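Enquirer: kindly return the folded structure for what I paste below:
(one chain, ligands or ions: 2)
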Amino acid sequence: MSELVIKNAYKAFDSLVVVDHLNIHIPEGCLLTLLGPSGCGKSTLLRCIAGLETLDEGQILLGGSDITHLRPQKRHIAMVFQHYALFPNMNVVENIEFGLKIKKLPADVRAAKVQKVLELVELQSCAKQKPASLSGGQKQRVALARGLVMEPKLLLLDEPLSALDARIRKSLRSQIRDIQKELQLTTIFVTHDQEEALAMSDQVVLLNQGRIEQHTSPEELYSRPASEFAAGFIGNYN
Ligand code: ADP
Ligand code: MG
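Expert: Numbers count the residues shown, from 1 in each chain. Ligands and ions are numbered 1, 2, ... in the order given. Predicted structure coming up:
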């Protein structure tokens, strides 16, 4: 089981409250989109879940275990950012394999795992290429593969498509969704793009200044926005 439960999460930077007592429950295998304007606290919440920031208050449970105070490496969480932080001097396979080497897995086990995710993200033909020779979409698929190869219980995607052009963005989002469904991987997808939220998700949480405006299905958010903020935000869709 790898459901995620966020209980009463609170985080402030000095007097700026960024995550304001949030409660979110994400069932196993669900893709939940965190949607909201720039600065509403999406990345900070994700970083707290990943252990890159610490919550001031609250609890995070993954698969029933309290991970609130664990080091990031112990959380079984993979995170992909807007700007793929790939190792420039390593080829695709070496980039993906890196985390497995740190775990000291034997070479044959590493090779089998890398092969599996290379197929999943359809990058077999680029296996020996360095990041500089890849397109933006391919780099993001390497970043995704690097996370998936660790067999995480939770996948966090922080605006992974925002730096890509529109055509690549659409094909990559359906590829991410297909992989997420195939692996039944509990996932939080962050975006400020309403169309992406509608296309991608099982559930959407609309955030406004660190608080939940609405937590619902994408269809419901569009047909029945529950507040002026929600209606205004969705209405700006273009
Ligand atoms: P989003 O990802 O929704 O755009 P963020 O979580 O990045 O929002 O930021 C929320 C707010 O917290 C912003 O006002 C941002 O300036 C502030 N913030 C984020 N990280 C820090 C930090 N390390 N120190 C101070 N303020 C921060
Ligand atoms: Mg952000």
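Enquirer: and the residue nearest to Asp20 when sequence neighbours are not counted, how far from ligand 1?
Expert: Nearest non-adjacent residue to Asp20, counting by Cβ to Cβ, 6 or more residues apart in numbering: Gly210, 3.8 Å away. Glycine gets a C-beta too; all of them are placed from N, C-alpha and C. Per Cβ to the nearest ligand atom, to the nearest Å, Gly210 is found 8 Å from ligand 1.
Enquirer: what is the burial count for Gly210?
Expert: Gly210 has 23 neighbours, counted by other Cβ atoms under 10 Å.
Enquirer: touching, it and Cys40? I think so.
Expert: Yes - counting by Cβ atoms under 8 Å, Gly210 touches Cys40, with 6.7 Å between them.
Enquirer: hmm, who's touching the top helix by length along the chain?
Expert: As assigned by DSSP state H, the longest helix anywhere in the chain is helix 166-183. Under the contact criterion Cβ atoms under 8 Å, 6 or more residues apart in numbering, helix 166-183 has outside partners 31, 120-122, 135-137, 140-141, 144, 148, 155, 157, 160-161, 164, 185, 187, 189, 196, 199-200.
Enquirer: helix, strand or coil for Val5?
Expert: Secondary structure assignment for Val5 (DSSP: H, G, I helix; E, B strand; the rest coil): strand.
Enquirer: contact partners for it?
Expert: Going by Cβ under 8 Å, 6+ apart, Val5 touches Ile24, His25, Ile26, Gln59, Ile60, Leu61, Leu62.
Enquirer: please apply the same query to Ala85.
Expert: Ala143.
Enquirer: redo that, cut-off 6 Å
Expert: For Ala85, no residue meets the contact criterion (Cβ atoms under 6 Å, 6 or more residues apart in numbering).
Enquirer: oh, and call the first residue 192 from now on, that's how I've got it
Expert: Yep, numbering from 192; the last one is Ala276 now.
Enquirer: next, it: secondary structure please.
Expert: Following three-state DSSP, we place Ala276 in the coil state.
Enquirer: measure it to ligand 1 for me?
Expert: Ala276 is 17 Å from ligand 1, by Cβ to the nearest ligand atom.
Enquirer: contact residues of the protein facing ligand 1?
Expert: Within the chain, the positions near ligand 1 by Cβ under 6 Å from any ligand atom are Phe204, Leu207, Val209, Gly227, Ser229, Gly230, Cys231, Gly232, Lys233, Ser234, Thr235.
Enquirer: from the residues you listed, list just the buried residues.
Expert: In these, burial by neighbour count holds for Val209, Gly227, Cys231, Gly232, Lys233, Ser234, Thr235, counting by 16 or more other Cβ atoms under 10 Å.
Enquirer: show me the shaky parts of this structure.
Expert: 427-429 (pLDDT under 70).
Enquirer: got the residue ranges for the helices in it?
Expert: Taking DSSP H to define them, one finds helices in the chain at 233-241, 283-293, 298-311, 327-339, 357-374, 385-391, 409-414, 419-426.
Enquirer: okay, and the beta partners of the closest residue to Cys231 other than its chain neighbours?
Expert: Nearest-residue entry for Cys231: Leu398, 4.6 Å, with adjacent residues in sequence omitted and distances by Cβ to Cβ, 6+ apart. Per DSSP bridges, the residues bridged to Leu398 are Ile403.
Enquirer: can you tell me what sits against stretch 293-307?
Expert: Stretch 293-307 is contacted by residues Val284, Ile287, Glu288, Leu291, Val340 when judged by Cβ under 6 Å, 6+ apart.
Enquirer: one more time with 8 Å, if that's ok
Expert: By Cβ under 8 Å, 6+ apart, stretch 293-307 touches Val284, Ile287, Glu288, Leu291, Lys292, Val340, Glu342.
Enquirer: just the buried ones from these?
Expert: The neighbour count (16+ other Cβ under 10 Å) marks Val284, Ile287, Glu288, Leu291, Val340 as buried among the contacts of stretch 293-307.
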